[in-house]
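Asker: predicted model, plus sequence, below.
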Amino acid sequence: MAEPTDDEKGKTEELESLVKNRLQEARRQKSHFELDMREGYFFAAPHRARTVSSQSRAPTVRTPDATLLNMSFAFELCDDFPTVIINAFFPETKPWVIRRAGPMVPEDQRDDIEEAARKSDATVFKSILASNFYEECGKAFNPDLALGTVGLWIDQPVKWKPPVVQAVPIREMEINISKDGTIGDRFIVRWTKLRNIGAVLPGKTLPEQVEEKRKRDDKKEVQIVWAFMPIYDDPGTEKWQYVLTVDGCHLENSTLKGEGSCPFLIGRFGATPEWAWAVGPLIKALPDLRCMDELTKNKTESVDLHLKPPITFPDSAFVNIQDGIETGMAYPVRPGEQDAIKNIYDPPPMDPAIYLTQDLETRLRRLFFLDWPQQDGKTPPTATQWLDEMTMAQRRIGTPGMVFWREFCGGAFMRFLYLAEKSGIVKPIKLGNGPDAKAVSLMPYNPASRAADQEEVALFARFAQLGAGIAPEEWKIETDGAATLDALAKKFGVEDIWKKRTQADKSAAIENIQKLMGGAQAGAPAMPQGAAPPQELAGPQMNQPTFAVQGQGL
């Protein structure tokens, strides 16, 4: 290997200094949230490593304070919250990103480009499902998503295999906020034993001082830092400066170009403009969790005092029972001292307030967006009432989730798209043909946030109920049922699932119905001459259609 030149040495030293300085800035950002994160782990995951600073090595002994926790309600909340977020923003059952042509695309080419994008998107989602994306999301989200910030490493070491996803715990993450309020500098800091460094960095040539340390004692740990820092020299192109250091020594660096080129994905739920770290529902719920935990402790102690009140006894009367007495046992006492054993005091009535934790549970469920429409009484809610409540629930979760969808859901899709284009299974969409064709910038659209669509459906449902009830005949005449069903299917996002008959099938079905109706009329028994027609066919209603009114049959 050739010796590095002076310019290369100067650049290496400059990158090492840049990584060190920006990493210290990121650690200062996390220090403001460290206590809240550790307390959140205490309530929701006491078994986790609660040392969230990347400057410390992973603890080998669990903190022995789990027995101080008096309730498990936070476990339930942090288990359900990721399920709600996954189903709301990126469910497995349907695409959660749709790319659409931007305003710069000519109208005459828009349909062709969006059709090509739809086919490419389908291939990308197949790649997502073939990877371990959802499995790692389940590991990363509990309870880190409830704390507000999660991280994933998405890469494709082998081109002919699906991408590999790895959850990054908060302890290994360090992030800075950029000039536009998004996540800029991002670091993964991992402490690794020297004997395992070959598995973590396969095929890498280690610096000399690291190699010497491994030869002396391979049980020691060294710090590996993957740094990704944005480059702003070209506003039209996304660029990242990638630097890898081991034990503070530069190992490699490169420039990553293109949207989705950064493999370290950060998602924030409840982002703020001042800090890189988000304030998730678990941090917001800490005051209520403290109160509920204290109430649970007081309730347990109060019940214990009622069941086993403290007593007094004469020490010279019989055997010493200061360690307690056993139920069902008989103890001798001296004559004349039968009443010597008695309660110290009569416990007061138990305060019913310590049992009233339902309002706290309701508040906590609301903070975790788990207050979905529920049937409070015995009468089921109407369709419009259910839609109204669903709309309000989606509005609430959609507001803090806007940043999360753009950073995490949209970012994950663009990362898988980038890898698919690098491996050749997806071709970039270009405007025009030939060597001068330019790549089209397609805008990702979030089809999972449908609060506005649900509101329109709820309004139409109320309008249809009133219109069909007030003027049923005019409603039937004026309403195009097929077109209305098409519009509703688009609002609900099920137009791909709803399979409609072709025009030929519809014509054949109508013809068969007409034949059946004609045969039924021909085979009907003839009425005797002079007999009056049946009551249901007599009068002006004969052969007149009836209309549905407020849900009644035709």
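Answerer: Structure's in. What do you need?

Asker: excluding chain neighbours, what is closest to Leu256?
Answerer: Among residues not flanking Leu256 along the chain, Trp240 sits closest, at 4.1 Å (Cβ to Cβ, 6 or more residues apart in numbering). Bear in mind the C-beta positions are built from the backbone N, C-alpha and C, glycine included.

Asker: part of a strand, is the one you found?
Answerer: Yes. Applying DSSP: H, G, I helix; E, B strand; the rest coil, one finds Trp240 inside a strand.

Asker: what score does it have for pLDDT?
Answerer: pLDDT, Trp240: 95.

Asker: wait, doesn't it sit right on Ser261?
Answerer: Yes. Assessed by Cβ atoms under 8 Å, Trp240 is found in contact with Ser261 at 6.2 Å.

Asker: more crowded one of the two?
Answerer: A count of neighbours by other Cβ atoms under 10 Å puts Trp240 above the other of Trp240 and Ser261, at 22 against 19.

Asker: who touches the more buried one in this structure?
Answerer: Listed by Cβ atoms under 8 Å, 6 or more residues apart in numbering, the contact partners of Trp240 are 228-231, 255-257, 261-262.

Asker: if I look at Ser56, how far off is Lys30?
Answerer: 12 Å (Cβ to Cβ, to the nearest Å).

Asker: dihedrals phi and psi, the closest residue to Pro157 other than its chain neighbours?
Answerer: Sequence neighbours aside, Val164 is the residue nearest to Pro157 in space, at 6.4 Å (criterion: Cβ to Cβ, 6+ apart). The phi and psi values for Val164, taken as degrees, to the nearest 10, are phi -110, psi 130.

Asker: again with Val225
Answerer: phi -130, psi 120.

Asker: please apply the same query to Gly148.
Answerer: Torsion angles, degrees, to the nearest 10, at Gly148: phi 120, psi -20.

Asker: so it makes contact with Gly267?
Answerer: No. Using Cβ under 8 Å, Gly148 makes no contact with Gly267, being 9.4 Å away.

Asker: remind me, longest helix of this structure?
Answerer: Among the segments of the chain that qualify as a helix by DSSP state H, the longest is helix 6-31.

Asker: remind me what the very next helix or strand once past it packs against, helices and strands.
Answerer: From helix 6-31 onward toward the C-terminus, using DSSP states H and E, the following helix or strand is helix 34-44. Judged by 3 or more Cβ pairs under 8 Å, 6 or more residues apart in numbering; DSSP states H and E, helix 34-44 is in contact with helix 73-89, helix 144-147, helix 281-284, helix 286-307.

Asker: got the angle for the longest one vs helix 73-89?
Answerer: Computed with axes from the mean of the first three to the mean of the last three Cα atoms, to 10 degrees, the direction of helix 286-307 lies at 140 degrees from that of helix 73-89.

Asker: now the angle from helix 286-307 to helix 34-44?
Answerer: Using the same axes, to 10 degrees: helix 286-307 against helix 34-44 is 40 degrees.

Asker: which secondary structure elements does helix 286-307 contact?
Answerer: Right, helix 286-307 is packed against helix 34-44, helix 73-89, helix 358-367 by 3+ Cβ pairs under 8 Å, 6+ apart.

Asker: spell out the secondary structure type for Phe228.
Answerer: Assigned state for Phe228: strand (three-state reduction, three-state DSSP).

Asker: give me the low-pLDDT residue ranges for the stretch 401-550 of the chain?
Answerer: 432-437, 447-455, 493, 495-496, 519-550 (pLDDT under 70).

Asker: quick one, strands of it?
Answerer: Taking DSSP state E, counting those that start in this stretch as the test, the strands found in the stretch 401-550 of the chain are 430-431, 438-439, 442-445.

Asker: I'd like these as a markdown table, with mean neighbour count appended.
Answerer: Converted to a markdown table, these look like this (neighbours: other Cβ atoms under 10 Å):
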| stretch | mean neighbour count |
| --- | --- |
| strand 430-431 | 15 |
| strand 438-439 | 10 |
| strand 442-445 | 15 |
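
Asker: can you give me the distance of Ile154 to Ala167?
Answerer: Distance from Ile154 to Ala167, by Cβ to Cβ: 11 Å.

Asker: how about stretch 469-486, which residues are buried there?
Answerer: 472, 475 (16 or more other Cβ atoms under 10 Å).

Asker: could I get that stretch in CSV with only the CA atoms?
Answerer: Output of stretch 469-486 as CSV, limited to C-alpha atoms (Å, rounded to 0.1, in the frame of the first residue of the first chain):
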residue,chain,number,x,y,z
GLY,A,469,-85.2,10.7,3.4
ILE,A,470,-86.6,14.0,2.2
ALA,A,471,-86.9,13.3,-1.6
PRO,A,472,-86.3,9.6,-2.2
GLU,A,473,-87.6,9.6,-5.9
GLU,A,474,-85.5,12.6,-6.9
TRP,A,475,-82.5,11.2,-5.0
LYS,A,476,-82.7,8.0,-7.1
ILE,A,477,-83.1,9.9,-10.3
GLU,A,478,-80.3,12.4,-9.7
THR,A,479,-77.7,10.1,-8.2
ASP,A,480,-75.3,8.2,-10.4
GLY,A,481,-74.7,5.2,-8.2
ALA,A,482,-71.7,3.8,-10.1
ALA,A,483,-69.8,7.1,-10.2
THR,A,484,-70.6,7.7,-6.5
LEU,A,485,-69.2,4.3,-5.6
ASP,A,486,-66.0,5.0,-7.6
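
Asker: re earlier: as TSV, the helices and strands packed on helix 286-307 with mean neighbour count, mean pLDDT and distance to Glu473 would be great.
Answerer: Listed next are the helices and strands packed on helix 286-307 as TSV, based on neighbours: other Cβ atoms under 10 Å; pLDDT from 0 to 100; distance: least, Cβ to Cβ, whole Å:
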stretch	mean neighbour count	mean pLDDT	distance to Glu473
helix 34-44	20	94	59
helix 73-89	19	90	42
helix 358-367	15	86	46
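
Asker: quick one: closest of these to Pro428.
Answerer: When the helices and strands packed on helix 286-307 are compared by Cβ to Cβ, helix 73-89 sits nearest Pro428, at 26.2 Å.
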